[in-house]
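In: Next come a sequence and a model predicted from it.
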Amino acid sequence: MSTLPFPTELLEHIASHLVDDPVALSMCCLSSPALVPVCRVARFQCVTLANPAHCGGFSRLLKTSPRSAIATHVRRLIILSPQDYETGEETNVLTDVLDHVQTSVLSLQIFSENHLCGVAWSEIDWLQTAIFKLPYLQSLETEVWGLSFSTISRWPNYSNITALGLFSFQFDREMPPNLERLKIYALRLSDIDFRSVQEYLEISLLKWLDLSGTRSVAFCMDTHRTTSTTGDWVSAILQCSRTSLEHLVLEVKEPPSGTYANFQLSDSGGCPRLKRVTFLIASIYTLVVGLGDLFLAWANILLDRCPSLQAGEIVFSLMDNRRTAPPTASLELGLLFTVVEALSVRFAACRFVFTHPYKSIQLETGEFPQSLIVESQYTYVKFWSTFYSS
């Protein structure tokens with residue numbers, strides 16, 4: 001059938017639930033030509049270029065398809081392992097992809113291979129070129145160090161940006177004159193040097209960003225840079241976004257060291273709309289006794305000072321590239337269940353959820369309900385894509 005007796009909105013809604021299942025989308029296309037346009041939109045609205053070979057395949061697909069068939073549907077472009085694009089040929093292929101999608105891409109995300117260390121902004125010429133090829137860019141997430149506001153302010157799409165992910169960000173001591181503040185709705189700060197909190201907050205970050213309407217905020221806690229002033233950072237950001245903040249993410253990439261002992265959160269005045277907090281754990285080997293103590297302290301502070309969260313949701317989300325759990329997984333994950341049990345005694349109305357990537361694992365959960373343990377298909381990249389689009 002070339003047509004279906006259903007409104008287009010309904011077909012689009014059905015296709016939107018299949019964005020992570022390309023096989024199902026392909027089957028839908030085969031079932032009726034009428035489903036091809038809506039499935040094509042769902043399939044290509046987010047494109048991930050995992051490596052140069054994948055990039056080359058997508059480039060050839062764009063060249064062999066009518067421009068309106070694929071390129072105009074790409075809204076989010078995710079580039080993994082940017083350091084792999086070293087040769088002129090690889091860079092040219094990526095540049096060709098950017099030329100095709102330049103008028104449609106609204107979100108650009110750059111992730112390094114292991115998410116623990118980025119590459120230098122000055123060393124990636126193609127990325128600097130890419131920014132200028134995307135005039136309608138609104139969301140930027142880069143695991144690239146050496147980027148600064150003085151650099152961002154020179155971009156032609158600067159005023160469009162409403163979501164930022166800053167990795168090992170370089171703060172500016174002098175701001176360009178008459179620079180428009182960015183109204184940010186989603187902000188992620190990763191691997192920031194928290195030791196210089198007062199100076200940099202006053203000189204740079206909060207003078208460049210308008211966080212009064214920010215709905216989502218994420219902090220990545222780097223154990224080598226986390227000190228007692230980190231709580232001042234978090235508190236200052238929460239204070240600026242307190243009236244609009246709905247989702248807070250606290251990410252830990254490495255096992256906590258002694259620097260976490262002095263980690264405190266000063267009075268943020270509460271966040272009346274905060275209804276979801278996610279504790280994101282990058283690896284199961286991050287789960288040690290000290291981390292459980294940290295999560296317990298943070299959750300108690302947030303629940304005490306944010307009444308809306310007491311009827312909301314706290315998620316403990318474990319990310320791991322492996323689908324098979326290591327032998328000690330049950331023991332290590334038990335640390336989280338102990339934390340949740342302690343919190344649930346005080347805050348019975350709050351919903352606690354634990355997500356993990358492992359298949360067929362039996363967990364010793366104590367009193368933690370099995371119904372709230374979810375095998376999640378989220379990957380690290382998928383989680384952050386959702387964070388910026390929610």
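Out: Alright, I've got the coordinates.

In: Where does pLDDT dip in the stretch 101-250 of the chain?
Out: Within the stretch 101-250 of the chain, the segments meeting pLDDT under 70 span 113-119, 170-178, 191-204, 221-233.

In: those helices in it, which residues are they?
Out: 125-133, 149-152, 197-200, 206-208, 230-241 (DSSP state H, counting those that start in this stretch).

In: ranking the ones you listed by burial, who's on top?
Out: helix 230-241 (a mean of 22; mean count of other C-beta atoms under 10 Å). Heads up, the C-betas are built off the backbone N, CA and C, glycines and all.

In: can you tell me how far residue 121 sits from residue 169?
Out: Applying C-beta to C-beta, to the nearest Å, the value for residue 121 to residue 169 is 10 Å.

In: Kindly report the same for residue 120.
Out: Distance, residue 120 to residue 169, by C-beta to C-beta: 13 Å.

In: what about stretch 179-189, how long is it end to end?
Out: By C-alpha to C-alpha, to the nearest Å, the extent of stretch 179-189 from end to end equals 21 Å.

In: before we move on, the earlier item: common neighbours of residue 120 and residue 169, please.
Out: residue 145 (C-beta atoms under 8 Å, 6 or more residues apart in numbering).

In: Give me the more crowded residue out of the two.
Out: Higher neighbour count among residue 120 and residue 169: residue 169, with 24 against 12, using other C-beta atoms under 10 Å.

In: For residue 164, which residues count as its bridge partners?
Out: Legend: beta-bridge partners of residue 164 under DSSP bridges are residue 140, residue 187.

In: Residue 101 reaches residue 79, doesn't it?
Out: No - in this structure, residue 101 is not within contact of residue 79 by C-beta atoms under 8 Å, at 11.9 Å.

In: Pick out whichever of these two has more residues nearby.
Out: residue 79 (25 against 22).

In: can you tell me the helix or strand for that one?
Out: If you go by DSSP states H and E, residue 79 is part of strand 76-80.

In: Tell me how far stretch 79-88 lies from the chain's centre.
Out: Remark: stretch 79-88 is offset 21 Å from the chain centroid, using C-alpha atoms, centre = their mean, to the nearest Å.

In: swap in stretch 333-347?
Out: On C-alpha atoms, centre = their mean, the centre of stretch 333-347 falls 25 Å from the chain's centre.

In: ok, and for it, which residues are buried?
Out: 333, 334, 335, 336, 337, 338, 339, 340, 343, 344, 347 (16 or more other C-beta atoms under 10 Å).

In: Let me know the average pLDDT across that stretch.
Out: For stretch 333-347, the mean pLDDT works out to 80.

In: Ok, stretch 285-299 next?
Out: On average, stretch 285-299 scores 75.

In: ok, now stretch 40-57?
Out: Rounded mean pLDDT across stretch 40-57 is 88.

In: Can you list the buried residues in that stretch?
Out: For stretch 40-57, by 16+ other C-beta under 10 Å, it's 40-49, 52, 55-56.

In: Just the residues you listed: which are in strands?
Out: Counting by DSSP state E, the part of those found in strands is 46, 47, 48, 49.

In: Please name the bridge partners of the third one.
Out: Residue 48 has the following beta-bridge partners by DSSP bridges: residue 78.

In: Could you double-check that residue 104 sits in contact with residue 76?
Out: No - using C-beta under 8 Å, residue 104 is not in contact with residue 76; the gap is 10.0 Å.

In: anything in contact with each of those two?
Out: With C-beta under 8 Å, 6+ apart, residue 104 and residue 76 have no common neighbours.

In: Torsion angles phi and psi at residue 91?
Out: In terms of degrees, to the nearest 10, the main-chain angles of residue 91 are phi -70, psi -40.

In: From start to finish, how long is stretch 342-354 in a straight line?
Out: End-to-end for stretch 342-354, by C-alpha to C-alpha: 15 Å.

In: closest to residue 12 among the ones in strands among the buried residues of stretch 40-57?
Out: Residue 12 lies nearest to residue 46 out of those, by C-beta to C-beta, at 15.1 Å.

In: From residue 54, how far off is that closest one?
Out: From residue 46 across to residue 54, the span is 14 Å (C-beta to C-beta).

In: What of residue 331?
Out: Distance from residue 331 to residue 54, by C-beta to C-beta: 38 Å.

In: Distance of residue 180 relative to residue 148?
Out: From residue 180 across to residue 148, the span is 16 Å (C-beta to C-beta).

In: ok, the two, which is more surrounded?
Out: Here residue 180 and residue 148 are compared on neighbour count by other C-beta under 10 Å; more neighbours surround residue 148, at 14 against 10.

In: That one and residue 168: what is the separation?
Out: Distance, residue 148 to residue 168, using C-beta to C-beta: 11 Å.

In: same question, residue 73
Out: From residue 73 to residue 168 the distance is 33 Å (C-beta to C-beta).

In: repeat for residue 160
Out: Using C-beta to C-beta, residue 160 is found at 24 Å from residue 168.
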